[in-house]
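Enquirer: Here is a sequence with its predicted model. Questions after.
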Amino acid sequence: MSRIGRMPIAVPAGVTVEIAENNKVTVKGPKGTLERVLPIEMSIKLEDGHVVVSRPNDLKRMKSLHGLTRTLINNMVTGVTAGYEKVLEVNGVGYRAVKQGNKLVLSLGYSHPVEMIDPEGIESVITKEAPNKIVIKGIDKEKVGQYAAEIRDKRRPEPYKGKGIKYADEVIRRKVGKTGKKK
């Protein structure tokens, strides 16, 4: 049995979980509301303050869907209570990030500034204390991660000098540059 799938999800105070037909799960909390249609094969029940996911049989597909379904619901509950955030760092001489309204303007060594508009429900923040750090916040884990990945793709970190946009917890494997000609 799936170790992750069979764990019940505790629903904290102030959070409501509604399960409609076709496994449409709606989670409402202090930070907002999330909706998601989950695989129909799984049975999702709300039992005394806990959400329990169970699978119909032990086919390989059902086993994988079991853990996935439970994790997706858990991410929704965590999102509406605590929210998610990803931190990106901009490294490099002349590389900058500036916030203009809901636009993120990146100077990344191209001939033009790269402008990115924050998706709905996602907010990017640049503080005055750390102008090279971009913090992406939101309640949907998937959207936060996707937007962070899109920003990172504008200029990925390179292995020689480490210039580019990287995640704060990412470690870049550095390479040694070319050496001079031997005589």
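Expert: Yep, it's here.
Enquirer: What is the strand of greatest length in the chain packed up against?
Expert: Counting by DSSP state E, the longest strand found in the chain is strand 84-91. Helices and strands touching strand 84-91, by 3 or more CB pairs under 8 Å, 6 or more residues apart in numbering; DSSP states H and E, are strand 133-138, helix 141-153, strand 164-167. For the C-beta atoms, the positions are set from N, CA and C on the backbone; glycine is no exception.
Enquirer: And the average pLDDT for that strand is what?
Expert: Here strand 84-91 scores 95 as its mean pLDDT.
Enquirer: Neighbouring strands - and their directions - for it?
Expert: strand 133-138 (antiparallel), strand 164-167 (antiparallel) (DSSP bridges).
Enquirer: Distance to residue 23, mean neighbour count and mean pLDDT added to the ones you listed, as TSV?
Expert: Below are these laid out as TSV (distance: least, CB to CB, whole Å; neighbours: other CB atoms under 10 Å; pLDDT from 0 to 100):
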stretch	distance to residue 23	mean neighbour count	mean pLDDT
strand 133-138	24	20	95
strand 164-167	33	20	95
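Enquirer: Just give the nearest non-adjacent residue to the spatially most central residue of the chain, would you?
Expert: Nearest to the mean C-alpha position of the chain, counting by CA atoms, centre = their mean, stands residue 145 at 2.7 Å. Distances taken as CB to CB, 6 or more residues apart in numbering place residue 86 nearest to residue 145, at 6.5 Å, with adjacent residues excluded.
Enquirer: Distance of residue 91 relative to residue 167?
Expert: The gap separating residue 91 from residue 167 is 12 Å, by CB to CB, to the nearest Å.
Enquirer: which residues sit in contact with the residue nearest to residue 145?
Expert: Going by CB atoms under 8 Å, 6 or more residues apart in numbering, residue 86 touches 135, 136, 144, 145, 148, 167.
Enquirer: ditto for residue 141
Expert: 75, 78, 79, 84.
Enquirer: Show me which of those residues are buried.
Expert: Taking 16 or more other CB atoms under 10 Å as the criterion, what is buried in the contacts of residue 141 is 75, 78, 79, 84.
Enquirer: list the helices and strands the longest helix along the chain packs on?
Expert: In the chain, assigned by DSSP state H, the helix with the most residues is helix 60-81. On a contact count with 3+ CB pairs under 8 Å, 6+ apart, helix 60-81 meets strand 9-10, strand 24-29, strand 32-37, strand 50-54, helix 141-153.
Enquirer: Mean pLDDT added to those, as JSON lines?
Expert: Shown next, in JSON lines, are the helices and strands packed on helix 60-81 (pLDDT from 0 to 100):
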{"stretch": "strand 9-10", "mean pLDDT": "93"}
{"stretch": "strand 24-29", "mean pLDDT": "94"}
{"stretch": "strand 32-37", "mean pLDDT": "94"}
{"stretch": "strand 50-54", "mean pLDDT": "92"}
{"stretch": "helix 141-153", "mean pLDDT": "96"}
